[in-house]
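**Q** Test case, fold it:
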Amino acid sequence: MNLVREMELYDVLDEIVFKLDSSYRILYANRRANDIGYEVDVLKGKVIDVIISPQHRRVLRASLETSLKLWNTTSAKISILNSNGEHIPVEVKVVPLENKGILEYYVLIKPEYDWNFGIFKNFSYPVIVLDSRNKVMFLNTKALKILEKKSIESILTTESVDINGKPYNVYTFELYYKLRKAKMIILSEASGVDPRFEKFAIAGIMSSLVSHDLKNLLTSLVILVGAIKEEELRNKLFKVVERIKKIHQRVLNIVKPRINIAEFDFSELIDEVKENLEHKFKSRDVHLKVNVPRSFILRTDKDILYEIIHNLISNAIDASNPKGQIIVSAGVSQYDGKIYNYISVKDFGKGIDSKDLSRIFNPFFTTKEGGTGLGLFIVKKFVKILGGKIAVKSEKGKGTEFIIYIPHSALQ
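**A** Model (predicted):
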């Protein structure tokens with residue numbers, strides 16, 4: 001793979017990527033290395049220790065040595081040093097590779113904690129994010145207007161501030177943002193916190209959690225692509241990475257996503273979902289039956305609908321008993337007196353308790369061990385984005401059916 005192509009590939013990732021020689025000297029870094037405040041050209045030729053917290057340099061060396069010994073990916077949790085001298089907790093992966101007989105390492109670094117503040121762009125109250133030197137890292141629209149009249153210093157030194165004759169409380173939260181120590185300041189009217197804040201805060205956390213999972217998948221795929229010598233296969237996988245990147249961006253912008261309308265055959269979407277979940281079907285010994293009309297053409301956002309169906313089928317597998325069956329059906333039906341295209345995902349598993357049915361779409365509600373409680377919340381959000389509705393039928397011990405209704409006129 002030529003250097004230009006390699007740089008394009010690793011710039012897809014949100015992680016910092018370092019390419020090291022056998023002496024652990026930096027040969028190349030992707031654009032995310034700038035986030036820790038260093039110029040990439042300055043880092044080239046230096047031992048990677050220069051950006052690692054002193055107490056964790058031995059940990060990274062051990063990870064590098066182990067990856068070579070086992071010829072496999074290793075990982076560790078360490079701290080790195082940014083240009084401000086701050087110790088930032090990160091997760092690091094080390095991948096050994098041989099390039100034309102020469103030993104090289106790829107070191108991928110991602111923040112252990114991070115935030116997506118795009119969710120607060122149009123929030124009804126001012127939100128300001130500052131680094132440890134009180135340099136502005138993020139401002140939403142409301143905060144921009146406030147700072148035309150109030151200085152950062154005047155806000156930082158008080159617990160309340162008067163803005164246009166109205167008293168506002170000042171709330172400060174310590175956090176990490178873009179590989180720097182930071183603080184988020186939220187100004188809320190002293191009369192009480194707008195209940196919409198909870199909605200936006202939940203959405204911010206949600207997008208961060210889902211983003212984390214998608215970034216892990218991107219990381220794994222890019223490592224695989226980099227190791228493949230066959231150019232045709234490598235290019236095909238690169239296209240897959242690009243598609244996931246688009247989905248990742250859509251999740252980050254979940255409050256105001258961009259809709260991409262196109263026609264597609266629903267059967268193709270089901271095939272993609274089935275292929276992606278093949279391992280899960282086999283490991284749980286669950287089978288999928290598809291009852292979909294031939295050439296069932298939809299006109300909507302395929303990526304969003306894919307996420308909806310993928311989530312529902314994955315949940316159905318979890319709920320099914322060994323040797324169980326899941327049925328996906330589709331067609332045209334009436335709902336609330338209107339014509340809709342419908343898609344049904346039905347399992348015959350443990351079912352949902354009647355007392356929980358009204359809460360299953362609430363964020364962070366889950367009865368699944370290890371679940372985040374965000375899956376169905378995201379599904380409902382995406383269905384609404386497509387202008388549709390979602391219904392659920394369930395009986396304890398007999399199974400559950402989710403039915404997606406999308407306006408017929410909008411799709412066909």
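
**Q** Only C-alpha atoms from now on, for both contacts and neighbour counts.
**A** Noted.

**Q** for the stretch 301-412 of the chain, what spans make up the helices?
**A** Taking DSSP state H, counting those that start in this stretch, the helices of the stretch 301-412 of the chain run over residues 302-319, 375-385, 408-411.

**Q** now those helices as a markdown table including mean pLDDT, distance to Arg31 and mean neighbour count?
**A** Listed next are these as a markdown table, based on pLDDT from 0 to 100; distance: least, CA to CA, whole Å; neighbours: other CA atoms under 10 Å:
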| stretch | mean pLDDT | distance to Arg31 | mean neighbour count |
| --- | --- | --- | --- |
| helix 302-319 | 91 | 27 | 20 |
| helix 375-385 | 86 | 31 | 20 |
| helix 408-411 | 54 | 40 | 15 |
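
**Q** Need the contact partners of stretch 273-281.
**A** Stretch 273-281 has contacts (CA atoms under 8 Å, 6 or more residues apart in numbering) with 287, 306, 309-310, 314, 317.

**Q** what distance separates that stretch from the centre of its chain?
**A** Here stretch 273-281 is found 20 Å from its chain centre; the criterion is CA atoms, centre = their mean, to the nearest Å.

**Q** With just CA atoms, put it into CSV.
**A** Only the C-alpha atoms of stretch 273-281 are listed here, as CSV (Å, rounded to 0.1, in the frame of the first residue of the first chain):
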residue,chain,number,x,y,z
VAL,A,273,-28.3,-7.5,8.2
LYS,A,274,-28.3,-11.3,8.1
GLU,A,275,-24.7,-11.4,7.0
ASN,A,276,-23.6,-9.0,9.7
LEU,A,277,-25.4,-11.0,12.4
GLU,A,278,-24.4,-14.4,11.0
HIS,A,279,-22.1,-15.3,13.9
LYS,A,280,-24.8,-14.3,16.4
PHE,A,281,-27.4,-16.4,14.7
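
**Q** Spell out which residues make up each domain of this protein.
**A** Per the record, the chain has its domains at 1-111, 125-193, 195-255, 262-411, by automatic domain parsing.

**Q** could the helices of the stretch 301-412 of the chain be laid out in CSV, adding distance to Leu144?
**A** Output for these, formatted as CSV (distance: least, CA to CA, whole Å):
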stretch, distance to Leu144
helix 302-319, 33
helix 375-385, 29
helix 408-411, 38
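
**Q** coming back round to it: ok, of the domains of the chain, where does mean pLDDT dip lowest?
**A** Lowest mean pLDDT of these: domain 195-255, a mean of 59.

**Q** So for stretch 386-397, what gets flagged as buried?
**A** 386, 388-390, 392, 394 (16 or more other CA atoms under 10 Å).

**Q** end to end, how far does it reach?
**A** Stretch 386-397 has an end-to-end distance of 32 Å (CA to CA, to the nearest Å).

**Q** What of stretch 319-327?
**A** 13 Å.

**Q** for the helices of the stretch 301-412 of the chain, which one sits closest to Lys121?
**A** helix 375-385 (18.7 Å; CA to CA).

**Q** then the closest one to PDB, C-alphas only?
**A** What follows is helix 375-385, C-alpha atoms only, in PDB (Å, rounded to 0.1, in the frame of the first residue of the first chain):
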ATOM      1  CA  GLY A 375     -31.100   0.400  21.600                       C
ATOM      2  CA  LEU A 376     -34.900   0.800  21.500                       C
ATOM      3  CA  PHE A 377     -34.600   4.500  22.300                       C
ATOM      4  CA  ILE A 378     -32.400   4.900  19.200                       C
ATOM      5  CA  VAL A 379     -34.800   2.800  17.200                       C
ATOM      6  CA  LYS A 380     -37.800   5.000  18.100                       C
ATOM      7  CA  LYS A 381     -35.800   8.100  17.300                       C
ATOM      8  CA  PHE A 382     -34.800   6.800  13.900                       C
ATOM      9  CA  VAL A 383     -38.300   5.700  13.100                       C
ATOM     10  CA  LYS A 384     -39.500   9.200  13.900                       C
ATOM     11  CA  ILE A 385     -36.800  10.700  11.600                       C
END
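
**Q** Quick one: list the elements packing against the helix or strand that contains Leu64.
**A** Assigned by DSSP states H and E, Leu64 belongs to helix 57-70. When contacts are defined as 3 or more CA pairs under 8 Å, 6 or more residues apart in numbering; DSSP states H and E, helix 57-70 packs onto strand 74-81, strand 87-99.

**Q** Specify the angle between the longest one and strand 74-81 in degrees.
**A** Going by axes from the mean of the first three to the mean of the last three CA atoms, to 10 degrees, strand 87-99 is angled at 130 degrees with respect to strand 74-81.

**Q** quick one: strand 87-99 to helix 57-70, angle?
**A** Using the same axes, to 10 degrees: strand 87-99 against helix 57-70 is 30 degrees.

**Q** which parts of strand 87-99 are buried?
**A** Buried residues in strand 87-99 (16+ other CA under 10 Å): 87-97.

**Q** immediately after it, which helix or strand?
**A** Using DSSP H and E, the helix or strand that follows strand 87-99 in sequence is strand 102-111.

**Q** strands paired with the helix or strand following that following strand, and their directions?
**A** Next helix or strand after strand 102-111 toward the C-terminus (DSSP H and E): strand 127-131. Paired with strand 127-131 in the same sheet, following DSSP bridges, are strand 136-139 (antiparallel), strand 180-189 (antiparallel).

**Q** Turn these into a markdown table, including mean neighbour count and distance to Ile406.
**A** Below are these laid out as a markdown table (neighbours: other CA atoms under 10 Å; distance: least, CA to CA, whole Å):
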| stretch | mean neighbour count | distance to Ile406 |
| --- | --- | --- |
| strand 136-139 | 17 | 37 |
| strand 180-189 | 21 | 38 |
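
**Q** Any chance of JSON lines for those, columns distance to Lys338?
**A** Below are the strands paired with strand 127-131 laid out as JSON lines (distance: least, CA to CA, whole Å):
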{"stretch": "strand 136-139", "distance to Lys338": "43"}
{"stretch": "strand 180-189", "distance to Lys338": "42"}
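
**Q** Quick one: residues in contact with stretch 72-89.
**A** Here stretch 72-89 has contacts from 36-38, 50-53, 56, 59-60, 63-64, 66-67, 90-96, 111-113, 176, 179-181, using CA under 8 Å, 6+ apart.

**Q** In it, which residues are buried?
**A** 73-82, 86-89.

**Q** And those residues, which is closest to Val42?
**A** Asn82 (13.7 Å).
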